[in-house]
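Chemist: Below is the sequence, then the predicted model.
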Amino acid sequence: MRSDQAAVANIAATTQDGRLVYLSAVAKPAQPGLEGALTSLLYRLAERSYSELLGDRARFDAVRLLKEWGFQVENLEIAVSYRCPHCAASIQLNPEVVVYVCPYCGWAGDPFGRPVSILAWPPAPQSAVERLARRLGGTLVTAQLLYVPLWVAEARAEADYTALVTYTEAQRTPGGQVRYVTRRKRVSGTVTVQSTEAVVARLNAELFGAGRLEEWAARAWRARPPRQLAAEEAKPIAPSILAPELSESSAAELIKERLETMAADRARSDARMHSPRGVAIEVSLERFVPRVEVLRQALVFTPYWLFTYRTPSGLFAGVAIGPDAAAFQAEAPMSNVERAAWLAGAWAASLTSGALAQVLAKGGDSPAAALALALFGVSVSLFLAGNAFKPAKVV
Amino acid sequence: MATRTLPCPYCGADVEWHGEVVLTCPYCGTAFTKGGEIGEHLMGSVNYDPGSIFDVFKRWALRIPETPNDFVEAARLGTCRLEFHPYWVYVVRGAFRCGEPYAFLLPSMPTLLPPGESFALAGGLEEASVVVTIPACRRDREGPLGRIKLSPAGKVYFSYRRVAQAGGALINPDVPPEEADGEALAAAAEYVGEVLTRRYGRPTPAEPAEVKEFTRRLVHHPVYSCTYEYQGRTYRFLADASDSRILHAEIPVEAKFRYAASAAAAVSFGLAVSALLAAGAAPVFSLVSATGLSATGLYCIYRAARRTIVKREFYAT
């Protein structure tokens, strides 16, 4: 056995935290019995979590163990990849991924081997994006179709509250005059909110038009429910699918927080309506006990065209969402006329403030008022001039 | 400071110590201080190479309308340095006391209640679980790296070998864990206070009452610090090597934007001079108008002179 030869071992295993993986080890120099030892070693390593396996500690312990078993290795490499439970393919994924679609067989599930239903809306054809670019006054340059994962949930919140309502009330004095007095009153009640909410299932990356995407998905969830994709339908779109990174439970927490905020808003408006008489001027909650329940939650992949289009003013970006690209968010050029109008507004503001200051000064009124007017004029002028140089508007 | 060695609490190796606040064992990746281990040491994975991060950056830059249209073809990547920046990442779970201080006095002093009104708790205990990120390197705090928010999700055990294989530089923390602990608790309370302020519709500060979980992790997060050249000038950008977010970027401004601004400045100053010519008949009008018009002109000159714009976040999100 030559000293530059390596001993190799591979195993299919389940890590301590339940992930289906392939583990492989390559050690140099090869020695009699080393391959068997490496196989035993990999089974020992599989008793650790996936995260630990990727760190230096696992490798350090492996080398130490081999030494204890009588092997002197100069080089040891340990590799970990995910294992598709359906076709047994080896798959490299980012550690953040919580659900994936196997690019070889279309199986969809989590790294623990649990299948997940893939719900998706059909994509709009590229011609719809071309039409949209024309509508925005340009021609399409690039278009990339992605499937963005969103957690959509129907949730319900019920909250008991006590609010302090400050209100004004009209009172007639003995002399027949009306005067307004400010009063405070505590109001208690229970409010209920039910809503469908969507959360983009990505951890940190910003997504152009994410807010509009979430709004669209929450609306479409009821109006035109997405269809469940079979494995053979999911396989061809697997390369366009952005892998979900936000877990179901984290998404549920975010959605619960939104529902709590909505319930608090509802409680305030409820308290405002129950203000005894007069006009409520301030409502603050003193006690608020929400109970939020997620009734149904699903992972949905939303077709999302990310495109750029060219106009005489330059290149601009946009996104088109859904099966007919009806929902979109795009940057649109500001015309030269719009920019000139903002600038003309700035000049007009300066001249008008000057004219008004002159009138005030002539009338012998306070010079302080003229100075304040001058400062106001400068501020307005700068604000308007700033708008003239805005790079683009968002439509 | 003279070099000493400290034993790694995990593998026992002697690690050189030059006075660093936190040391990382080059053999097993354990992070520790003079006092011992400081919690899990994790890292973000490097999911993009310099070439692909530059492609992402160019596509991102094109979305900014001032960017020249030949940017994709003409911009050339200069240097690209991969740095692993340290962050203390905490999970803080517990009960937070919130509400107006008087609320806590009320139960023992019912006579203070206004007549005819029942007792209502203007505060209480709020259960919350918060993930807090504290930059572990002081010089990162003020810049774009200070705004990074991390989660323990998707992070893996630290590997010096993978840092070396990626050609990365490891930045050592200089914020001690004890100092970060205090900041994390305060940041968690502040976050809970913000949530409650939104909920109650009035300022509702919160403070920790009972901490049920306080898990500290040191996370080294990969960031590309790159330069690129466009038309002979060098610009800089920072990008997250895990998820390709552009954290900070200098972008050249297309010439036509600057010419338009110059023309606007000339018109503004022309109008200012015209206003001054009327000084004899209407001195106040002349002075005030000329001031406003000159301010507009100066602003236009500022826009015309600006060859670079600095972006710290996605445009139009």
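Modeler: That came through fine.

Chemist: B:Lys212 versus B:Pro205, what's the distance?
Modeler: Noted for B:Pro205: a distance of 20 Å to B:Lys212, by Cβ to Cβ, to the nearest Å. For glycine as for every other residue, the C-beta is placed from the backbone atoms N, C-alpha and C.

Chemist: now the strands: where do they sit in the stretch 151-300 of chain A?
Modeler: If you assign secondary structure with DSSP state E, counting those that start in this stretch, the strands in the stretch 151-300 of chain A sit at A:178-200, A:227-228, A:279-311.

Chemist: Show me what the second one packs onto, helices and strands only.
Modeler: This means strand A:227-228. Strand A:227-228 is packed against strand A:119-120, with contacts defined by 3 or more Cβ pairs under 8 Å, 6 or more residues apart in numbering or on different chains; DSSP states H and E.

Chemist: The strand it packs on - contacts with which helices or strands?
Modeler: strand A:227-228, strand A:279-311.

Chemist: That strand pairs with which strands?
Modeler: The pairing partners recorded for strand A:119-120 under DSSP bridges are strand A:227-228 (antiparallel), strand A:279-311 (parallel).

Chemist: So for B:Pro205 and B:Lys212, which sits in the more crowded spot?
Modeler: Taking neighbours as other Cβ atoms under 10 Å in any protein chain shown, B:Pro205 and B:Lys212 compare with B:Pro205 leading, 18 against 10.

Chemist: The more buried one and B:Glu126 touch, don't they?
Modeler: No - in this structure, B:Pro205 is not within contact of B:Glu126 by Cβ atoms under 8 Å, at 11.4 Å.

Chemist: so what sits against both of those two?
Modeler: Shared contacts of B:Pro205 and B:Glu126, defined by Cβ atoms under 8 Å, 6 or more residues apart in numbering or on different chains, comprise B:Cys98.

Chemist: Please convert the strands paired with strand A:119-120 to JSON lines, extending it with mean pLDDT.
Modeler: Listed next are these as JSON lines, based on pLDDT from 0 to 100:
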{"stretch": "strand A:227-228", "mean pLDDT": "90"}
{"stretch": "strand A:279-311", "mean pLDDT": "86"}
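
Chemist: most tightly surrounded among these?
Modeler: Of the strands paired with strand A:119-120, the one with the most neighbours on average (mean count of other Cβ atoms under 10 Å in any protein chain shown) is strand A:279-311, at a mean of 19.

Chemist: Name the next helix or strand downstream of that strand, please.
Modeler: strand A:314-321 (DSSP states H and E).

Chemist: which other helices and strands contact that following strand?
Modeler: Against strand A:314-321 (3+ Cβ pairs under 8 Å, 6+ apart) you get helix A:126-135, helix A:210-223, strand A:279-311, strand A:327-332.

Chemist: Alpha carbons of it, as CSV, please.
Modeler: Taking Å, rounded to 0.1, in the frame of the first residue of the first chain, the C-alpha atoms of strand A:314-321 are listed here in CSV:
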residue,chain,number,x,y,z
GLY,A,314,-31.9,54.4,-18.4
LEU,A,315,-32.3,50.9,-16.9
PHE,A,316,-34.9,50.3,-14.3
ALA,A,317,-35.9,47.2,-12.2
GLY,A,318,-39.2,45.7,-11.3
VAL,A,319,-40.9,42.6,-10.1
ALA,A,320,-44.1,41.0,-11.4
ILE,A,321,-46.0,38.6,-9.1
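
Chemist: partner strands of it, parallel or antiparallel?
Modeler: Strand A:314-321 has these strand partners (DSSP bridges): strand A:279-311 (antiparallel), strand A:327-332 (antiparallel).

Chemist: Distance from the chain centre to stretch A:198-215, please.
Modeler: On the basis of Cα atoms, centre = their mean, to the nearest Å, stretch A:198-215 sits 3 Å off its chain's mean C-alpha point.

Chemist: for stretch B:255-262, that is, sorry about that
Modeler: 32 Å.

Chemist: Repeat that for stretch A:341-357.
Modeler: Using Cα atoms, centre = their mean, the offset of stretch A:341-357 from its chain centre is 42 Å.

Chemist: residues of that stretch that come out buried?
Modeler: A:342-343, A:345-347, A:349-357 (16 or more other Cβ atoms under 10 Å in any protein chain shown).

Chemist: Tell me who's in contact with the nearest residue to B:Tyr259 once chain neighbours are set aside.
Modeler: Distances taken as Cβ to Cβ, 6 or more residues apart in numbering or on different chains put B:Ala304 closest to B:Tyr259, at 7.6 Å, once the chain neighbours are dropped. By Cβ under 8 Å, 6+ apart, B:Ala304 lies in contact with B:Arg258, B:Tyr259, B:Ala261, B:Ser262, B:Ala265.

Chemist: if you set the cut-off to 10 Å instead, what comes out?
Modeler: Counting by Cβ atoms under 10 Å, 6 or more residues apart in numbering or on different chains, B:Ala304 touches A:Phe389, B:Val253, B:Phe257, B:Arg258, B:Tyr259, B:Ala260, B:Ala261, B:Ser262, B:Ala263, B:Ala264, B:Ala265, B:Ala266.

Chemist: same deal with A:Tyr22?
Modeler: By Cβ under 10 Å, 6+ apart, the contact set of A:Tyr22 is A:10-13, A:42, A:79-83, A:88-91.

Chemist: how about a cut-off of 8 Å?
Modeler: A:Asn10, A:Ile11, A:Ala12, A:Ala13, A:Val80, A:Ser81, A:Tyr82, A:Arg83, A:Ser90.

Chemist: try A:Arg224
Modeler: Taking Cβ under 8 Å, 6+ apart as the definition, contacts of A:Arg224 comprise A:Trp121, A:Pro323.

Chemist: next one: A:Ala88
Modeler: Counting by Cβ under 8 Å, 6+ apart, A:Ala88 touches A:Ala12.

Chemist: hang on, the earlier thing: B:Ala186 is nearest to which of the helices and strands packed on strand A:119-120?
Modeler: strand A:279-311 (24.0 Å; Cβ to Cβ).

Chemist: chain center to the closest one, what's the gap?
Modeler: Relative to its chain's centre, strand A:279-311 lies at 11 Å (Cα atoms, centre = their mean).

Chemist: tell me the angle that strand makes with helix A:210-223.
Modeler: Per axes from the mean of the first three to the mean of the last three Cα atoms, to 10 degrees, the angle that strand A:279-311 makes with helix A:210-223 is 100 degrees.

Chemist: Pairing partners for the helix or strand B:Gly94 falls within, with directions?
Modeler: Here B:Gly94 sits within strand B:76-99, counting by DSSP H and E. Here strand B:76-99 has these sheet partners by DSSP bridges: strand B:123-135 (antiparallel), strand B:169-170 (parallel), strand B:206-230 (antiparallel).

Chemist: Format the ones you listed as JSON lines; extra columns: mean pLDDT.
Modeler: Converted to JSON lines, the strands paired with strand B:76-99 look like this (pLDDT from 0 to 100):
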{"stretch": "strand B:123-135", "mean pLDDT": "86"}
{"stretch": "strand B:169-170", "mean pLDDT": "94"}
{"stretch": "strand B:206-230", "mean pLDDT": "93"}
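
Chemist: Distance to A:Ala124 for those - can I get that in a markdown table?
Modeler: Shown next, in a markdown table, are those (distance: least, Cβ to Cβ, whole Å):
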| stretch | distance to A:Ala124 |
| --- | --- |
| strand B:123-135 | 37 |
| strand B:169-170 | 45 |
| strand B:206-230 | 34 |
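
Chemist: I'd like to know which of these is closest to B:Ala249.
Modeler: Closest among the strands paired with strand B:76-99, using Cβ to Cβ: strand B:206-230, at 9.5 Å.

Chemist: Redo the helices and strands packed on strand A:314-321 as TSV? Include distance to B:Tyr299.
Modeler: Putting those into TSV (distance: least, Cβ to Cβ, whole Å) gives the following:
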stretch	distance to B:Tyr299
helix A:126-135	33
helix A:210-223	31
strand A:279-311	26
strand A:327-332	23
